[in-house]
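Novice: sequence first, predicted coordinates after that:
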Amino acid sequence: DTSLFSFGCCKYIQGEGNPMTASNQTTDEAAAQQQPLFLHKPPYGDHLEARGWAFDAIGRSLSFIGNAVFVGTAVVHQAKINAGCLPEDVECTGVTQYGIRPSSFLALYNVIVGLASSALLPLLGAIVDHTSSRLFVARISAIAYCILLFPMIFISQATWFAVAVLLIITALIGWIHTGMTFAYLPEMSDDKKTLERLNTSFTVIQFTTNVIYIVVVVGIVAGAGWMDDSLATARLAQSISFVITTAFWGIAWLKLMGPRPAMSQLPPGKHLLTIGFRTIYRTSIDIAKHHRALGWFYGALAFSESATQALLIIITTYSIELLNFSSSEAGVMYLIVLISSVIGCYISELSLRILSPIRSNQLCIVSMALFTALAAAFVKESRALFYMFASFWGVCGGWKYTIERYLAITIIPKNKDAELMGAYLFFGQILSWLPPLVFTALNEAGISIRISMLSLLIFWFIAVICLQVMGPYENALRQANEAVEDSSLVDNNTAEAVEEPKSKQSSEAPS
């Protein structure tokens, strides 16, 4: 959810229904499905939890962008001053009083959050599956998150490091909250069309919220003459984020969202802290033994997604250090990436007319790596040129997100879609800490940011190799179909084995 590229891509976002809840589709919603995407009313009707999920999405979008773009940029600017550099200095070589270079702050932040989120994912899954505490955890995390947003409004030269620490803490709490929120999504309806319509509506809400938020903040800053004042921009953006997020999350989690029972009982002798990791281990062994193509796809996903997530952090650092971007200019850059990602979604669809999904994914990753290498080589002083590359990255990001989701949906065996889609999310997150760690190590060693950024190419190259080893797309589809057929055969044999003793007993019974 924190991937900026995903907000514009809603064509292939699909979900499965859940018998726990009844369908909330109305006649008006069925009629709305015949309308264009951006002209229909949100299909909520009397569905309170759908409305609550939409409210949560608005707050989540505002606060995540506010923290990452506006506050994060201001933190780096203040770190440069603390290290004895001027804000306009190119590649500050000084070290802050905390022992690291200013250009390492955002990457190090990503390392810590990536490691913690990878470790927390199995635990969050266990809470959802084996406890009835989902609503409680979501409420507590929402309250803690909003409370910690408030102090960041007062970022200054004296408080910037405390704000940097709060950025890390809020990111971890926000990640926990997002995990609980997304557990509600497949339970919104047991009607597939209604669920897809809801998913599309939520994605449009997130996309629209981000665009409006960035435009409003940058517009006010430009009108007030604060374009070069990162602190004023961060304070304004965080004030808006705090007020709206607190209001919308308060309504969502105190009024609209309901409790959920445990989906299953915790097996005897198992512990809540470890059962999620055991499940991931068993799933990984099963993938390695019986789903070869899917396993290589997950390997490609782990490397490509980690590099793509790190790219957003690294290009932000690049723009601040080499081009002296202010917070508002960083906001413009993210707006360009966001809007361009929509174009990437349509390019992904067009590419499938001439390429298989695997080859389309490879071409997308190679294109992203190529644009990154060209930017490192040629973007030295021109902000316009950097904005152009931002649009290229946005297109590739939207393309990548869409084609990978499409691949996952089509090559995952239908009888294991819930389990293996969970593995899809896990492998997409498991290496998110590694590329920023490599970047930080190179940066702290005194290597230029332009060279350090090229370390991402290694991860994309490994991803392309994994996709190549997958083999033809048709083979991957055949493996998925064979897995379904084998499962059906086992089920039939089991049923026959159960019936046979019954028949034998019946024939031997006295008349």
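Specialist: Right, received. Where do you want to start?
Novice: which helix or which strand is home to the closest residue to residue 155 other than its chain neighbours?
Specialist: Excluding the flanking residues, the one nearest residue 155 by CB to CB, 6 or more residues apart in numbering is residue 163, at 4.6 Å. C-beta coordinates here come from the backbone N, C-alpha and C atoms, glycine included. Taking DSSP states H and E as the definition, one finds residue 163 inside helix 160-184.
Novice: what do you get for residue 400?
Specialist: Secondary structure from DSSP H and E places residue 400 in helix 383-411.
Novice: pLDDT of that helix, averaged?
Specialist: Averaging pLDDT along helix 383-411 yields 92.
Novice: hmm, back to that, in the helix holding residue 163, what's buried?
Specialist: 160-161, 163-164, 166-168, 170-181, 183-184 (16 or more other CB atoms under 10 Å).
Novice: just after it, pick out the following helix or strand.
Specialist: Immediately after helix 160-184, counting by DSSP H and E, sits helix 192-224.
Novice: which other helices and strands contact that following helix?
Specialist: Counting contacts by 3 or more CB pairs under 8 Å, 6 or more residues apart in numbering; DSSP states H and E, helix 192-224 packs against helix 27-32, helix 48-65, helix 230-251, helix 327-351.
Novice: out of those helices, which gets nearest to residue 258?
Specialist: Of all the helices and strands packed on helix 192-224, helix 48-65 sits nearest to residue 258, with 6.3 Å by CB to CB.
Novice: quick check: angle from the following helix or strand past that closest one to helix 230-251?
Specialist: Next helix or strand after helix 48-65 toward the C-terminus (DSSP H and E): helix 72-82. Counting by axes from the mean of the first three to the mean of the last three CA atoms, to 10 degrees, helix 72-82 lies at 140 degrees to helix 230-251.
Novice: residues of the helix or strand following helix 72-82 that come out buried?
Specialist: Next along the chain after helix 72-82, taking DSSP H and E as the criterion, comes helix 105-130. In terms of neighbour count (16+ other CB under 10 Å), helix 105-130 has its buried residues at 105-114, 116-118, 120-130.
Novice: could you do stretch 195-213 as well?
Specialist: Going by neighbour count (16+ other CB under 10 Å), the buried part of stretch 195-213 is 195-207, 209-211, 213.
Novice: check the offset of the helix or strand hosting residue 370 from the chain's centre.
Specialist: Assessed by DSSP H and E, residue 370 sits inside helix 357-378. In terms of CA atoms, centre = their mean, to the nearest Å, the centre of helix 357-378 is found 20 Å from the chain centre.
Novice: pLDDT weak spots in the chain?
Specialist: In the predicted model, the chain carries pLDDT under 70 at residues 1-43, 87-88, 415, 417-418, 483-511.
Novice: quick revisit: mind putting the helices and strands packed on helix 192-224 into a markdown table with mean neighbour count and distance to residue 458?
Specialist: Shown next, in a markdown table, are those (neighbours: other CB atoms under 10 Å; distance: least, CB to CB, whole Å):
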| stretch | mean neighbour count | distance to residue 458 |
| --- | --- | --- |
| helix 27-32 | 14 | 47 |
| helix 48-65 | 23 | 28 |
| helix 230-251 | 22 | 32 |
| helix 327-351 | 22 | 22 |
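Novice: dump the ones you listed to CSV, plus distance to residue 191.
Specialist: Formatted as CSV, these follow (distance: least, CB to CB, whole Å):
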stretch, distance to residue 191
helix 27-32, 10
helix 48-65, 12
helix 230-251, 26
helix 327-351, 25
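Novice: touching, residue 152 and residue 238? I think so.
Specialist: Yes - with contact defined as CB atoms under 8 Å, residue 152 reaches residue 238; the gap is 5.1 Å.
Novice: between those two, which contacts overlap?
Specialist: Common contacts of residue 152 and residue 238 (CB atoms under 8 Å, 6 or more residues apart in numbering): 67, 71.
Novice: in contact with residue 122, which residues?
Specialist: Residues in contact with residue 122 (CB under 8 Å, 6+ apart) are 276-277, 279-280, 426.
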